[in-house]
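Trainee: fold the following.
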Amino acid sequence: QVQLVESGGGLVQAGDSLRISCVASGRTFSSLTMGWFRQAPGKEREFVTAITKSGGNTYYADSVKGRFTISRDNAKKTVYLQMNSLKPEDTAVYYCAADAQPYYRDRRYPRSYDYWGQGTQVTVSS
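Mentor: Residues are numbered from 1 along each chain as shown. From the prediction side, this is the model:
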């Protein structure tokens, strides 16, 4: 079992920056591929970004590429999402997710993740 706890969400203005974090417990963190998803009201949960176990590779949705950065600290069992140049359309609940399988799964899809956090709200005002 893996427990994920997000923090750092809040209300910001367009153009601002925000960093959210996700702390994991219950399993060796370095064995987990980690991802961030978001879900706006009335919309499906969508992929934002993912990072491989060692942190050597990262992947981004086109909508956030160049503005968001994912990173991880395996010693702290934490994954971060640095969000710059925020836009109102970035408003959503942001979820941290963990893929605990040893084989490849398409990281863009929620079904590829085994564990989820409770989410943290990010609201960007115009």
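Trainee: CA atoms for contacts and neighbours, from now on please.
Mentor: Noted.
Trainee: next, the distance between the ends of stretch 69-78.
Mentor: End-to-end distance for stretch 69-78: 14 Å, by C-alpha to C-alpha, to the nearest Å.
Trainee: got the buried residues for that stretch?
Mentor: Neighbour counts using 16 or more other C-alpha atoms under 10 Å place 69-72, 74, 77-78 of stretch 69-78 among the buried residues.
Trainee: quick check: the farthest pair among those?
Mentor: Farthest pair in the buried residues of stretch 69-78 (C-alpha to C-alpha) is 69 and 77. Separation: 17.2 Å.
Trainee: got the residue ranges for the strands in this protein?
Mentor: 3-7, 10-13, 18-25, 33-39, 46-51, 58-60, 68-73, 78-83, 92-99, 115-116, 120-125 (DSSP state E).
Trainee: just send those back as CSV, with distance to residue 107 and mean pLDDT too.
Mentor: Compiled in CSV, these are given as follows (distance: least, C-alpha to C-alpha, whole Å; pLDDT from 0 to 100):
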stretch, distance to residue 107, mean pLDDT
strand 3-7, 17, 97
strand 10-13, 26, 98
strand 18-25, 17, 97
strand 33-39, 7, 98
strand 46-51, 7, 98
strand 58-60, 9, 97
strand 68-73, 14, 98
strand 78-83, 15, 98
strand 92-99, 8, 98
strand 115-116, 13, 98
strand 120-125, 20, 98
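Trainee: would you list those in TSV and tack on distance to residue 109?
Mentor: Output for the strands of the chain, formatted as TSV (distance: least, C-alpha to C-alpha, whole Å):
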stretch	distance to residue 109
strand 3-7	18
strand 10-13	25
strand 18-25	19
strand 33-39	9
strand 46-51	7
strand 58-60	12
strand 68-73	17
strand 78-83	18
strand 92-99	11
strand 115-116	13
strand 120-125	19
